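Asker: Have a look at this fold, sequence not included:
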């Protein structure tokens, strides 16, 4: 039996809240207090077609988190069309941008000269909710600020009178060629940034041969992301083969690759299903997130949820927002009991192929990752969004060099957090990193300019990287060795066991 529009439209309060997603009606009343984005956003969509807003944030997979019995029935497409829709957010108030223009929309992309410029360009385009999601950090923001500052605490030691007329930043990620030693980090819910979400994101990175890490919490199914990526590569191959000198062009831009970032679900069967889906879809490595037994305190998100709840007259929800337990993470997403022993069944489900631990923050855990048969580790504090005053990745890398040097050369070591200049990629490589992940600048670039913005941001970082190589006197990454940098300021901040004895 099909539900009619008049009946659905009645249910738009906290006592009875129904929403329509993809022509299906759900009673989300029991879920209001659990919703990671707060109750207000659901009540605002009550009695309406929530599909346009849902698509910005969620993959259809997320509907499995709703309580049993939430699905009420289907609606006829004509009935759905008669329902109103409403945007959960309006664009945020613009802040000064790189452009002198006062026209609506982002400034001309030519004004984006550094990776940091994309944030200002996107501010007048993205909703306040999307900006809160992208900018939020843990607690007071100390971890995020530490990430940003860490790169300037290492300086180069340039060598001069070197022939740098020919320079190659070519690298590899788990044996797959990459035109440079950086990749695009995993970011969930890219539909908040651009209507095309992750599909638009991978189209941009494919055009530049970059590797990308795709989040479990993507806005569209992982198979659709992989299909959009493959389709774009097919188009590029056809264009290349039709041009003169195409063989050389293919050499300059090796094919991109996608890798999958996994949140381990408490339900093992859900996790195993996702792992197998990622493997079947062609993702080249599995990056298991290990720094989220619970979600950190995203202060900005909680403030916004309180404001939204008050605007809807939901005082209790507003007061509860300050103690938000799962902002932007559905209940049941995170496996609080995840342990080293779980890597055995995760490895079995993944089979052959590199396994990476994402979120390693000390030398001891780097050593344990090696002992448990991992092929790589990502040194990361989750973009400063998890533990308060967590170490930045570069400091952890120095700690590993000092206290777990046996992992160097045996594990591929990745770092992320706070990088905004392509030349700084060299600092991490000099200290033993395989590649550096870059996140937020690409969220903003995608939001402001779509795939074109992703391409532009990659080009900016690559240009700075090559220029940096020339200016410090190296022609390939083989020459990026520890003697090319001065890390003494970070070494002074690094943990040392002798200083832990009180």
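Answerer: Done, it's in. Worth saying up front: this structure is predicted, and the values here are computed from it rather than measured.

Asker: list the buried ones in stretch 367-378?
Answerer: 367, 368, 369, 370, 374, 375, 376, 377, 378 (16 or more other Cβ atoms under 10 Å). (Glycine included, C-beta is placed from N, CA and C.)

Asker: cool, and stretch 480-499?
Answerer: 480, 484, 485, 487, 490, 491, 494.

Asker: Please apply the same query to stretch 226-241.
Answerer: Those would be 226, 227, 228, 229, 232, 233, 236, for stretch 226-241 by 16+ other Cβ under 10 Å.

Asker: Contacts for stretch 301-312 next, please.
Answerer: Stretch 301-312 is contacted from outside by 37-41, 43-44, 128-129, 132-133, 136, 315, 317-319, 321-324, 327-328, using Cβ atoms under 8 Å, 6 or more residues apart in numbering.

Asker: same thing but at 7 Å, please
Answerer: 38-41, 43-44, 128-129, 132-133, 136, 317-318, 321-322, 324, 327-328 (Cβ atoms under 7 Å, 6 or more residues apart in numbering).

Asker: Separate out the buried members of these.
Answerer: By 16+ other Cβ under 10 Å, these give 38-41, 43-44, 128-129, 132-133, 136, 317-318, 321, 324, 327-328 as buried.

Asker: Quickly note the distance from residue 453 to residue 406.
Answerer: Remark: distance between residue 453 and residue 406 (Cβ to Cβ, to the nearest Å) = 41 Å.

Asker: again with residue 307
Answerer: In terms of Cβ to Cβ, residue 307 sits 50 Å off from residue 406.

Asker: The two: which has the busier surroundings?
Answerer: More crowded of residue 307 and residue 406, by other Cβ atoms under 10 Å: residue 307, with 16 against 12.

Asker: Just the element for that one, please.
Answerer: According to DSSP states H and E, residue 307 maps onto helix 299-311.

Asker: Name the residues of that helix that are buried.
Answerer: Applying 16+ other Cβ under 10 Å to helix 299-311 flags 299, 300, 301, 302, 304, 305, 306, 307, 308, 309 as buried.

Asker: Which parts of the stretch 401-502 of the chain are strands?
Answerer: 412-416, 435-438, 485-486 (DSSP state E, counting those that start in this stretch).

Asker: right, and those - which one's nearest residue 83?
Answerer: strand 435-438 (40.4 Å; Cβ to Cβ).

Asker: who does that closest one pair up with?
Answerer: strand 182-184 (parallel), strand 412-416 (parallel) (DSSP bridges).

Asker: What values do phi and psi take at residue 384?
Answerer: phi 70, psi 20 (degrees, to the nearest 10).

Asker: Tell me which residues touch it, please.
Answerer: 137, 138, 143, 144, 147, 417.

Asker: number of nearby residues for the last one?
Answerer: Just to be clear, that refers to residue 417. Counted with other Cβ under 10 Å, residue 417 comes out at 31.

Asker: could you list every residue that touches it?
Answerer: Here residue 417 is in contact with 147, 380, 381, 383, 384, 392, 393 (Cβ under 7 Å, 6+ apart).

Asker: Just the closest of those residues to residue 153, please.
Answerer: Using Cβ to Cβ, residue 392 is the member of those that lies nearest residue 153, at 8.9 Å.

Asker: in the stretch 401-502 of the chain, which ranges drop under the pLDDT threshold?
Answerer: 502 (pLDDT under 70).

Asker: what comes into contact with the lengthiest helix in the chain?
Answerer: Longest helix in the chain, counting residues (DSSP state H): helix 451-472. Contacts with helix 451-472, where a contact means Cβ under 7 Å, 6+ apart, come from 109, 112, 114-115, 118, 156, 158-159, 164, 167, 169, 180, 182, 200-201, 203-205, 207-208, 210, 421-423, 425-426, 438, 441-442, 445-446, 449, 484.
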